[in-house]
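J.: Here is the input, now give the coordinates:
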Amino acid sequence: MSPIGRDEAAQRAATELLDPQYAKESLLDLIYRRVMQFLGDLIDAATGGGTAGGVIAAAAIVLILLSVITLVGWQLRRTTRRKALLTGGLFGEQAMTAAEHRRAAEGLASEGRWAEAVRERFRAIARDMEERALVSGMPGRTAGELAAEAAVSLPAFAAELSAGARSFDDVTYGGVPGTRAAYDAMTSLDTRLQQARPVLATVGTAGYGGGAE
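T.: Reported below is the predicted structural model:
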């Protein structure tokens, strides 16, 4: 089949789009149909266009799939971020001190409401970090962002902070039921973090290289 010129291709596309069957077709449906048609053409080329054509078509398909995966991942991160912002980020709608979050966590734990208790105990950790100026008070901060920033000053706790952030996200957004073990782990982390000295505050001190007492 001989290739067609750009002008002829444009004319054919315009003629096809003027077909009455497309009058009620939504833009999304049109894009989807065009993309699927394009992929179909590439697959046909890959299976019947010779070695060179097949390699080019296969490479194009891979690039398209990677682009789609990247776009979907970006949209999921954006949706999660928006959800966190709409719910007040880490702290919800109420402004409470670290001590108030701890008391709330203890009260919830005494009632066996483990998911809420885990959430409040991590909020106590986050607020304590802000009160000690170990992290900035950024509105809408996510748990993961808090853990990453806090780990700069307290690198010895980096892994536990990351695990705590995941636990917070699990019970807050993932529908994972809280457990006493998860709450006890978060409480232990909170207690040890209160006693830890940040690395930045001890720069130049001989013999000191850890993030915790």
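
J.: Next, R119: secondary structure please.
T.: Secondary structure state of R119, per DSSP: H, G, I helix; E, B strand; the rest coil, is helix.

J.: Double-check it against D169; I have them as touching.
T.: No: with contact defined as Cβ atoms under 8 Å, R119 does not count as touching D169 (9.8 Å). All C-beta spots, glycine's among them, are computed from the backbone N, C-alpha and C.

J.: who's more crowded, those two?
T.: Neighbour totals were compared for R119 and D169, and R119 leads with 27 against 18 (other Cβ atoms under 10 Å).

J.: Now do the same contact list for the more buried one.
T.: Contact analysis of R119 by Cβ atoms under 8 Å, 6 or more residues apart in numbering lists 168, 171-172, 178.

J.: From these, which land in helices?
T.: Here DSSP state H is the test, and the contacts of R119 give 168, 171-172 as lying in helices.

J.: In TSV: those residues, plus neighbour count.
T.: Below are the ones in helices among the contacts of R119 laid out as TSV (neighbours: other Cβ atoms under 10 Å):
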residue	neighbour count
F168	27
V171	22
T172	21
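
J.: Just put the residues you listed in JSON lines and tack on distance to S136.
T.: As requested, these are exported to JSON lines (distance: Cβ to Cβ, whole Å):
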{"residue": "F168", "distance to S136": "19"}
{"residue": "V171", "distance to S136": "25"}
{"residue": "T172", "distance to S136": "21"}
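
J.: No further queries at this time; thank you.
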